[in-house]
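sequence isn't available, so here's the structure alone:
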């Protein structure tokens, strides 16, 4: 998809000889655009849930939240956490921890996240003290501390999308030719349905770069149109 | 708890203890209650949303505690032979007593709670009558007050008509060679029924965590029937609730959360409260086990002649 996006972006930019976007700049904007859309998925999901609760949503193909959930779950991963002096190290690329589980007697038990402000009171209270049946964890930076710490921890989490990279080979005239076989090639991870959004966002950044307000206006208008359609 | 095989139920898969799963099908575990609630009653489209699991656990346990106090018919019993101090230390999971009985000669005698004080603290004094204090400024106490010692040694008299009664041992009158009424001579009108019991008495000192008996109980066997709060000494894996009360526990948790949450409309709270109360009533009726056969046994007495 990344080559299609780049081709479209260049086509729009070149329409009136507005300018040219180098592969390096394209890759920068591509990363930025994908991250922006990725983060917006979570807000969209929340908005959609609120719509459903207000009975402003349908089922089947009108079930928008299902689609968003599926898109988010594309980034869902599971990883066994490495233990380090009674703590467990979270993966570097996590965006949102879905759940932490520990294995006790071959049974996976879900560990609940509690805030640092609550953990002391929680441990003191006889009714809520963490136990093997109901363990809890607190987070300090990239590590978590599970109480009681009695098993191998696994994290199910949403990771950040990988950085997209349009790779190329330069031929004699220095015109870059798309090379998907390069070792560091990385396509967009968002589904094809987000291609328009990606093009618009990259165009917006490119328009700012080449100081062409028409391009920025065009991209903004397209984005607004998308937002209206999604509501 | 997942369904188990017949072999696991009857013989615990050949492991010890064999009786581990006997009767377990009547109960649902705390873990299942919490998991089911999180799945079915909490979520994006539910009344309860964004609540921490520990709050669900707390309210589930509170519901189980309340049920243990009066709705469940799960009375625990503990037998202890009383030492010379005639003091029965309350069980570690004791919350309230149901009945205290003396087990003697194969018969269970229900005992009466003494309406008078049976124990008192005392302060140590020097020869001049001044109080004695320790290095922290706290007044010193003897192990037993004179009052306690009198009860333990049997010199304290009782207002009950038992062996410690002040009238016990008094001369009566002889009729046809037999002595009757070893109490004070003369007609005794106006019997105080509250204290008209010949068995030994007891009184529970809740703060001290003991039951104090009169001296005649030394060496005798006592059965304490009591209720606990179902918390199983803090072992979450053992906490269970009868399935008849399962729906009530969910309703209780939902009500407790909605009731304490900001911005929940009063009609929703009220609906949750009514649902909780109705389910408790239903469950209590169910667990009462009002069987026609049992009623029939009682009704058979309706044609009995009253003399």
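That came through, no problem. Just so it is clear, the model here is predicted, and its values are computed rather than measured. Numbers count the residues shown, from 1 in each chain, chains lettered A, B, ... in the order given.

pLDDT wise, what is the closest residue to chain A within the stretch 101-250 of chain B at?
With CB to the nearest CB as the measure, residue B:236 is the residue of the stretch 101-250 of chain B nearest to chain A, at 4.3 Å. For the C-beta atoms, the positions are set from N, CA and C on the backbone; glycine is no exception. For residue B:236, the pLDDT comes out at 91.

would you mind giving both backbone torsions of residue A:76?
phi -80, psi 130 (degrees, to the nearest 10).

and it, how many residues sit next to it?
Number of residues near residue A:76 (other CB atoms under 10 Å in any protein chain shown) recorded here: 12.

distance of residue B:273 relative to residue B:36?
For residue B:273, the distance to residue B:36 (CB to CB, to the nearest Å) stands at 21 Å.

so who does residue B:27 touch?
The neighbourhood of residue B:27, defined by CB atoms under 8 Å, 6 or more residues apart in numbering or on different chains, consists of B:240, B:241, B:242, B:243.

does the nearest residue to the last one once chain neighbours are set aside count as helix, strand or coil?
In other words, residue B:243. Using CB to CB, 6 or more residues apart in numbering or on different chains and skipping the chain neighbours, the partner closest in space to residue B:243 is residue B:28 (5.5 Å). For residue B:28, the assignment made with DSSP: H, G, I helix; E, B strand; the rest coil gives strand.

contacts only, for residue B:28.
Residue B:28 touches B:1, B:240, B:241, B:242, B:243, B:246, counting by CB under 8 Å, 6+ apart.

just residue A:72 next, same as before
A:41, A:42, A:45, A:158.

farthest-apart pair in these, please.
A:45 and A:158 (11.3 Å; CB to CB).

where does residue A:87 fall, phi/psi-wise?
phi -120, psi 170.

circling back to that earlier point, report the buried members of the contacts of residue B:27.
B:240, B:241, B:242 (16 or more other CB atoms under 10 Å in any protein chain shown).

turn those residues into JSON lines, including secondary structure.
Below are the buried ones among the contacts of residue B:27 laid out as JSON lines (three-state DSSP):
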{"residue": "B:240", "secondary structure": "strand"}
{"residue": "B:241", "secondary structure": "strand"}
{"residue": "B:242", "secondary structure": "strand"}
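
between residue B:273 and residue B:36, which is the more surrounded one?
More crowded of residue B:273 and residue B:36, by other CB under 10 Å: residue B:273, with 17 against 14.

where's that one, which helix or strand?
helix B:266-287 (DSSP states H and E).

next, count neighbours for residue A:27.
Quick note: residue A:27 (other CB under 10 Å) scores 19 neighbours.

thinking again about what came up before, for the contacts of residue B:27, give me CSV that also has pLDDT.
Formatted as CSV, the contacts of residue B:27 follow (pLDDT from 0 to 100):
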residue, pLDDT
B:240, 93
B:241, 93
B:242, 92
B:243, 93
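
of all the residues you listed, which comes closest to residue B:229?
Among the contacts of residue B:27, residue B:241 lies closest to residue B:229 (CB to CB), at 12.0 Å.
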